[in-house]
Structure formats: structure tokens, C-alpha cells
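Student: Build the 3D model from these lines:
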Amino acid sequence: MTSIIGRSGFPPTAACWQGRPAPVQTARRGACRPGMVLLVTIVCVAVGTAVMFAIVKQALLSRRQADLERYRAQALWLAESGVDRAAARLAADPAYPGEEWLLPAGDLGGLDAGRVSIRVEPIASEPGVFQVRVVADYPDDAVERARKSREFRVRPRR
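Tutor: Residues are numbered from 1 along each chain as shown. A predicted model of the protein is given here:
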């Protein structure tokens, strides 16, 4: 055991320690343990990674939502176009039965093709009046697609 008592029998004053190294303390209170810096670094990296994953996930969900909105809008326009096409064809030919109208991606100005199904059926109780059902799908072959439909009655002009 070392003593910090000076030669005179009294503890040394601060002036006495000038130019000499301070005595080594054997027990350090409040000092970092050797692995604490590494542990804090690992926790910070883990939290930062979790935050980045959350941001990327939110960005992907936003992109998917925007794509679905675009699909819905395009399907609505295709359904309206199908209504106009059915009315024009019925005006030209009252025996028009309907059709499957396939629209390639190039015609739609995008990456995906569309499909419009038009069904025309005469109404038995009302001669000269037809029930028209239009169903538009966009994109045509995707798992997640938008579908819009319109149904109306029409009496072709002669």
C-alpha cells in the first residue's frame, strides 16, 4: 500500500505536485468501461438502420399507392371511352353485340396495356332499347389492377 503522505508527515500540497505526475488512482468512479463506447456505437447504428428501413418502407408504400391511383384514373378513362365506343357502334349498327377491346401500351402512352369489355344485350320488354355494360381493366394482365364499370341503356338513333 502506497501512502500519499509526504516526508514531513503531512499530506502534500498542490504546489508539491508541480512537475510530477499525479498519483494513480486505483478505483475510477464514473469512468467508461472498455466496452461501453462500442456498445453505444452499436446501438446508434442499429437505431439509424431501423430509421432508414422505416423511411424506405414508407417510400415504397407511397410509390405503390401512387401507382394504384394512376391505375384507377386510367381505368376510369377507359370505361368512359368504352361507353362512347359502344354508343357510336350501336348508332352505326343496331345489331352490334359488343366486343373485347384490347389497347396496347403504346396506344395508351404508358408501360401497361388495357382491356375494355363491351356487352350489348337487347331488352325484351322494351323493343329497340339495349342494355350496355362496359368493364375496363388497367393494367390488363396485372395482379393488382383497377377495374371500372359502367352500365346504361341506349336507344340507337336511326
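
Student: any chance you could map the strands in this structure?
Tutor: Per DSSP state E, the chain carries strands over the ranges 98-103, 114-122, 130-138, 146-154.

Student: Show me which positions of the third one end up buried.
Tutor: The reference is to strand 130-138. If you call a residue buried by 16 or more other Cβ atoms under 10 Å, then strand 130-138 has these buried ones: 130, 132-138. (Each C-beta comes from the backbone N, C-alpha and C, glycine too.)

Student: For this structure, give me the ranges with low pLDDT.
Tutor: Scanning the chain for pLDDT under 70 picks out the ranges 1-32, 158.

Student: picking up where we left off before, make CSV from the strands of the chain and add distance to Val37 to it.
Tutor: What follows is the strands of the chain, written out as CSV (distance: least, Cβ to Cβ, whole Å):
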stretch, distance to Val37
strand 98-103, 63
strand 114-122, 59
strand 130-138, 56
strand 146-154, 54
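
Student: Return the most buried member of those strands.
Tutor: strand 130-138 (a mean of 21; mean count of other Cβ atoms under 10 Å).

Student: and Thr49, which of the strands of the chain is closest to it?
Tutor: Distances from Thr49 to each of the strands of the chain were compared using Cβ to Cβ; the minimum, 35.5 Å, belongs to strand 146-154.

Student: who does that closest one touch, helix- and strand-wise?
Tutor: If you count contacts as 3 or more Cβ pairs under 8 Å, 6 or more residues apart in numbering; DSSP states H and E, strand 146-154 packs onto helix 36-92, strand 130-138.

Student: which secondary structure elements does the first one contact?
Tutor: For helix 36-92, the elements it packs on are strand 98-103, strand 114-122, strand 130-138, strand 146-154, judged by 3+ Cβ pairs under 8 Å, 6+ apart.

Student: got it, and the shortest one?
Tutor: The helices and strands touching strand 130-138, judged by 3+ Cβ pairs under 8 Å, 6+ apart, are helix 36-92, strand 114-122, strand 146-154.

Student: now the spatially most central residue of the chain: how far from Pro34?
Tutor: Computing the C-alpha centroid of the chain and ranking residues by Cα atoms, centre = their mean puts Leu61 first, at 1.6 Å. Distance of Leu61 to Pro34, computed by Cβ to Cβ, to the nearest Å: 43 Å.
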